[in-house]
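**Student:** I'd like to go over a predicted model; first the sequence, then the structure.
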Amino acid sequence: MSADRTLSGVGVGPGDPDHVTVKALRILEAADVILVPSTEARAGGIGRAEEIVCTHLPNKAEAISRIPFSMAERRGIGARRSQAWEASATAAVKAFEAGASRVAFATVGDASVFSTFSYLSDLVSQRMEVKVEVIPGITAMQAIAAANRTPLVEGQEILSLVPWTVGAEKLARVCELSDTVVVYKGGREMTELRAVLQAQGRLDDAVLGTDLGLPSERVVPLADVTERAPYFSTVLAAPRRATTGGRI
Ligand SMILES: C[S@@+](CC[C@H](N)C(=O)[O-])C[C@H]1O[C@@H](n2cnc3c(N)ncnc32)[C@H](O)[C@@H]1O
């Protein structure tokens, strides 16, 4: 019965463990199984979501189950991406079949923003009756705005969040319509991304934030960036305003 099984998508914020909500911690503490993404690129396979969970809940280490996500999946390469969704769904279904009543998927940032959780919950719901809940988290977009002290939007301004994977042409079109533009997933092609913003007259007011919320956090003018950046990189291009301004 669905009432006996709850699948929770828990956003744990972009990196700083202090950015996890009280509700997220309560749901994770109550979970029988906590699924976390892990990639081959990180030592021991420990991903960011797992690090954040373990900082708060070291007693839950045995409840954690790592789901392999390859770097290709992160770049949005189709077959490997759906393999990761499938692996997450299978792990959740197996956990419920083994008697778990609460399974949580911990995800970086917010569970409704470019997260595997939406695919995972659809696949699990197709296979069994389950109650799905989403626990919101702080996004990388909010973290870069706070780190640079730049309001995301004021008054009548329009904000757009763009995955660089849509391509240069779409990003250019979005820039024409939007006051503030935030770009995710552009780390590997940062010089190309930079060129689009420059062509749109947006470069002077754009910043690049890497590892937001972590000790290695770096927020720099995009104009100073001449090489590719890590995967955990976000670009914020806000409009120039009379009364507010970023720290750079
Ligand atoms: C799959 S999306 C996940 C987004 C996340 N669910 C959110 O709510 O922000 C991955 C992208 O989020 C951004 N990102 C996530 N965490 C970040 C961090 N700590 N620092 C900079 N960018 C981050 C990067 O642009 C990265 O390519």
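**Tutor:** Arrived safely, thanks for sending.

**Student:** for this protein, which helix is longest?
**Tutor:** helix 78-97 (DSSP state H).

**Student:** which of the residues in that one are buried?
**Tutor:** Across helix 78-97, burial judged by 16 or more other C-beta atoms under 10 Å covers 80-81, 84-85, 87-89, 91-93, 95-96. Heads up, the C-betas are built off the backbone N, CA and C, glycines and all.

**Student:** Now this structure against the ligand: closest residue?
**Tutor:** residue 109 (2.2 Å; C-beta to the nearest ligand atom).

**Student:** Tell me if stretch 181-196 is near the ligand.
**Tutor:** Yes - using C-beta under 6 Å from any ligand atom, stretch 181-196 reaches the ligand at 184-185.

**Student:** Point out the residues in this protein that sit beside the ligand.
**Tutor:** 14-15, 107-110, 113-115, 139-140, 184-185, 209-213, 231-234.

**Student:** List the contacts of the closest residue to residue 223 other than its chain neighbours.
**Tutor:** Nearest residue to residue 223 in three dimensions, chain neighbours excluded: residue 203, at 5.3 Å (C-beta to C-beta, 6 or more residues apart in numbering). Residues near residue 203 by C-beta atoms under 8 Å, 6 or more residues apart in numbering: 194, 197, 222-223.

**Student:** same check, this time on residue 63
**Tutor:** 31-34.

**Student:** Phi, psi for it please.
**Tutor:** Phi and psi for residue 63, reported as degrees, to the nearest 10, are phi -80, psi -10.

**Student:** Begin at 38 from now on, thanks
**Tutor:** Done: numbering now begins at 38, and the last item shifts to residue 100.

**Student:** Look at the closest residue in space to residue 184 that isn't next to it in sequence and give its secondary structure.
**Tutor:** Take residue 184 and drop its neighbours on the chain: the residue closest to it by C-beta to C-beta, 6+ apart is residue 256, 5.0 Å away. Here residue 256 is strand, with the state taken from DSSP: H, G, I helix; E, B strand; the rest coil.

**Student:** was I right about residue 256 contacting residue 244?
**Tutor:** Yes - with contact defined as C-beta atoms under 8 Å, residue 256 counts as touching residue 244 (5.6 Å).

**Student:** between those two, who's got more neighbours?
**Tutor:** residue 244 (24 against 21; other C-beta atoms under 10 Å).

**Student:** still on that earlier bit, how about the contacts of residue 100, which pair is most distant?
**Tutor:** Spatial extent of those (C-beta to C-beta) is set by the pair 69 and 71 at 8.6 Å.

**Student:** Looking at those two, which one has more neighbours?
**Tutor:** residue 71 (28 against 16).

**Student:** After the strand or helix carrying that one, which helix or strand is next? Please name it.
**Tutor:** Assigned by DSSP states H and E, residue 71 falls within strand 70-75. Using DSSP H and E, the helix or strand that follows strand 70-75 in sequence is helix 85-93.

**Student:** So residue 216 is in contact with residue 196, correct?
**Tutor:** Yes - between residue 216 and residue 196 there is a contact at 7.1 Å, judged by C-beta under 8 Å.

**Student:** Now the common contact residues for the two.
**Tutor:** Residues touching both residue 216 and residue 196 by C-beta under 8 Å, 6+ apart: residue 190.

**Student:** more crowded one of the two?
**Tutor:** Neighbours per residue (other C-beta under 10 Å) separate residue 216 from residue 196, with residue 216 holding more: 18 against 15.

**Student:** quick one: contacts for that one?
**Tutor:** Shown in contact with residue 216 (C-beta under 8 Å, 6+ apart): 190, 194-196, 275-276.

**Student:** Residue 237 is in contact with residue 211, isn't it?
**Tutor:** No - using C-beta under 8 Å as the test, residue 237 is too far from residue 211 to be in contact (9.3 Å).
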